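Undergrad: Got a sequence here, can you model it:
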Amino acid sequence: MKKDLNEFLDSGATLKLGPGKWSEAKESLSESTNDLIVITSKSCKEFISNIPTKYILVIKEEPSLNLIDNYFDEISKIINKDNEITYIALGGGSVIDTAKILSLMIANNIKSSKEAIDKSNDNNISEKSKIICIPSTAGTGAEITPFSTIWDKKNGLKYSIITSKINREIILDPEISISLPEKITISTGLDSLCQILESTWSKKANKKSLSAASLGFEYLNKNLNNVISNPSDIKSRQDMLFASFLSGVSISISNTTLCHSISYPLSSILNVPHGVACALTLIEVIKFNSFKKEEFLKNTLQAVNVESSELLVKKISSMLENLNYKDAIKPFIEKIEKNIDKLLPLTLSSRASNNPVTATLIDVEKILKNSLNYYKK
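TA: As a prediction, this is how the structure comes out:
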C-alpha cells in the first residue's frame, strides 16, 4: 500500500490512510499556534470536538457564487491577517471544495468568487495556507484535485476554480465514513466510478492517470457492493476512500468528459444527486465512444480488464444493476423528460471537449433519451 500512496502524491500533499488517523491528527492540532478554521457539515460536527478553533463554518449545500461570497464575508471579519491559518475540511466534496475556494480567496487577496474564477483561469493563484482534508465520502476525490466546483445556480452553470499549487494534508480515515447513509454511499460511489472510467478515455489521459484509474477501478470493483451490504466493514470503507482518492488523482490529469458534462444541468437545475446524474448516461456514452472506432476505449478496456466494448457495457451494466441504480434514478426520470429542452443547451460544457468523440446537441439528446428509456423499463 505504501508504494501505491507515494506513487500518486504531488509534492504539495501528504497522505495518511487508516482507522484512527484523524484522532491522531487532532491531538497534534491541539498544540497548533495557527488560527484553525473548520469547515464541515452538520452530520460531521461530531468529529471536530476538542479542536481549538478560531471559526467553524457548517455548510448545507454545494458551493455557489452567492454562498461563497457570503462565507468569505463571514470569515474575513474574524481572521487576523498577521497569523497563519490552517483550514480543516471535514466532510464530503462540497465541504472540501468550499474550504479550497475560501483558502485561495483569503490568501490571494481575492474579494469575490467571480474574481477567483477569473484569476484561476490565468493560472495565477496557489494554496498558501495548509488545508487538512478529511473526506467523509468516497466519491469526488476533491481532497487531491487542484480544481474546485462552484455553481451558478441561477443560470444552471458550473465553473471550476483552479489552484496552480496545492498545500494539503490528506487523511483517509474510514471511521469518518462508517455511518454514511446508503443513498450517499451509492451516489458518491457512482461518481468515483464515472470519474475513473471517463479519465481512461479522456483525450488528456497519460501514463500516471491511467495507472491511478486502473488501480482505482480494482479497489472500487472489489468493495463498492460490500459497503452497501456491510456498511460497518471498516476495511471496505477504507478501500473505497482510497479508490475515490485515486479517481481524484486520475481526473486531476485527464479531467472528466461527456458523462459529467451532461450531468451538470441535471444537478444544478433539477437537483439530481451528482453521482446519480453522472451515471445516467454512462452506458450510452460508452456505446457512443465505441460506435465507429473501439480504439477510443482501449485504455478503458485495459483498466476494467475486458476485451471488447460489448463486454465493458455488460460489466458496467452489471455493476449498476447490483447497486439498484434504477431505483436511484427513477424519482428523477419524469422531471428530466419534461425539462429536456431546457437542459440540452447546457450539457456541452468544456468537459465535453475531453471526450474522444465529438458530441453535438443532437448526439446528447439521443444519449439522454436512450438512457431515460432504458431505466424506465
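
Undergrad: contacts and neighbour counts: CA atoms only from here.
TA: Noted.

Undergrad: Which stretches in the stretch 51-200 of the chain count as helices?
TA: Applying DSSP state H, counting those that start in this stretch to the stretch 51-200 of the chain gives helices spanning 65-76, 93-107, 113-121, 174-177, 182-201.

Undergrad: then the shortest one to CSV, C-alphas only?
TA: Presented in CSV, the C-alpha positions along helix 174-177 are these (Å, rounded to 0.1, in the frame of the first residue of the first chain):
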residue,chain,number,x,y,z
PRO,A,174,-12.7,5.0,7.4
GLU,A,175,-14.0,5.7,10.9
ILE,A,176,-15.4,9.0,9.4
SER,A,177,-17.4,7.4,6.7
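
Undergrad: Could you shift the numbering so residue one becomes 30, and keep it that way?
TA: Fine by me, first position is 30 from now on; the one you just mentioned is helix 203-206.

Undergrad: The residue at the greatest distance from the centre of the chain and residue 64, how far apart?
TA: Centroid-distance maximum for the chain: residue 111 at 33.1 Å, with CA atoms, centre = their mean. From residue 111 across to residue 64, the span is 10 Å (CA to CA, to the nearest Å).

Undergrad: pull the CA atoms of stretch 329-340 into PDB?
TA: Coordinates of the C-alpha atoms in stretch 329-340 are reproduced here as PDB (Å, rounded to 0.1, in the frame of the first residue of the first chain):
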ATOM      1  CA  THR A 329     -10.800   1.700 -20.600                       C
ATOM      2  CA  LEU A 330     -10.800  -2.000 -21.600                       C
ATOM      3  CA  GLN A 331      -7.400  -2.500 -20.100                       C
ATOM      4  CA  ALA A 332      -8.300  -0.700 -16.800                       C
ATOM      5  CA  VAL A 333     -11.500  -2.800 -16.400                       C
ATOM      6  CA  ASN A 334      -9.800  -6.000 -17.800                       C
ATOM      7  CA  VAL A 335     -12.300  -6.800 -20.500                       C
ATOM      8  CA  GLU A 336     -11.600  -7.500 -24.200                       C
ATOM      9  CA  SER A 337     -14.400  -5.500 -26.000                       C
ATOM     10  CA  SER A 338     -16.800  -2.600 -25.700                       C
ATOM     11  CA  GLU A 339     -19.600  -5.100 -25.600                       C
ATOM     12  CA  LEU A 340     -18.100  -6.800 -22.500                       C
END
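
Undergrad: Any chance you could list what contacts it?
TA: Residues outside stretch 329-340 that contact it (CA atoms under 8 Å, 6 or more residues apart in numbering): 226, 229-230, 239, 242-244, 246-247, 315-316, 319, 323, 326, 341.

Undergrad: which of the residues you listed count as buried?
TA: 226, 229-230, 239, 242-244, 246-247, 315-316, 319, 326, 341 (16 or more other CA atoms under 10 Å).

Undergrad: Between those, which sits nearest residue 92?
TA: Of all those, residue 92 sits closest to residue 226, with 25.4 Å by CA to CA.

Undergrad: isn't that closest one right up against residue 239?
TA: No. In this structure residue 226 lies outside contact range of residue 239 using CA atoms under 8 Å: 9.7 Å.

Undergrad: What angle do helix 211-230 and the host helix or strand of residue 256 make with each other?
TA: Following DSSP states H and E, one finds residue 256 within helix 236-258. Angle, helix 236-258 to helix 211-230, by axes from the mean of the first three to the mean of the last three CA atoms, to 10 degrees: 160 degrees.

Undergrad: Quick one: name whatever helix or strand follows helix 236-258.
TA: helix 263-283.

Undergrad: Any regions of the stretch 80-229 of the chain where pLDDT drops low?
TA: Within the stretch 80-229 of the chain, not a single segment meets pLDDT under 70.

Undergrad: which residues does residue 50 contact?
TA: 200-202.

Undergrad: 10 Å - rerun?
TA: Applying CA atoms under 10 Å, 6 or more residues apart in numbering to residue 50 gives the contacts 163, 200-204.

Undergrad: ok, how many other residues are close to residue 359?
TA: By other CA atoms under 10 Å, the residues close to residue 359 number 13.

Undergrad: oh sorry, the question was meant for residue 355
TA: Using other CA under 10 Å, residue 355 has 18 neighbouring residues.

Undergrad: Give me the pLDDT value at it.
TA: Listed pLDDT for residue 355 reads 95.

Undergrad: any idea how far residue 396 is from the residue found closest to it once you drop the neighbours it is linked to in the chain?
TA: Spatial nearest neighbour of residue 355, excluding adjacent residues (CA to CA, 6 or more residues apart in numbering): residue 404 at 5.7 Å. Distance, residue 404 to residue 396, using CA to CA: 13 Å.

Undergrad: Between the two, which contacts overlap?
TA: With CA under 10 Å, 6+ apart, residue 404 and residue 396 have common neighbours residue 309.

Undergrad: Looking at those two, which one has more neighbours?
TA: Legend: neighbour count by other CA under 10 Å for residue 404 and residue 396, higher for residue 396 (22 against 14).

Undergrad: Could you report the neighbour count for residue 110?
TA: Using other CA under 10 Å, residue 110 has 11 other residues around it.

Undergrad: if we can go back for a sec, mean confidence score for the helix holding residue 256?
TA: The pLDDT scores in helix 236-258 average 95.

Undergrad: any idea how far it is from the chain center?
TA: Helix 236-258 sits 14 Å away from the centroid of its parent chain (CA atoms, centre = their mean, to the nearest Å).

Undergrad: what comes up buried for that helix?
TA: Using 16+ other CA under 10 Å as the test for burial, helix 236-258 gives 238-250, 252-257.

Undergrad: Stretch 395-402 now?
TA: Buried residues in stretch 395-402, defined by neighbour count with 16+ other CA under 10 Å: 396-398, 400-401.

Undergrad: Could you do stretch 52-66 as well?
TA: Within stretch 52-66, the residues scored as buried using 16+ other CA under 10 Å are 55, 58, 64-66.

Undergrad: and these, which two are the farthest apart?
TA: Within the buried residues of stretch 52-66, 55 and 64 form the most distant pair, 14.2 Å apart (CA to CA).
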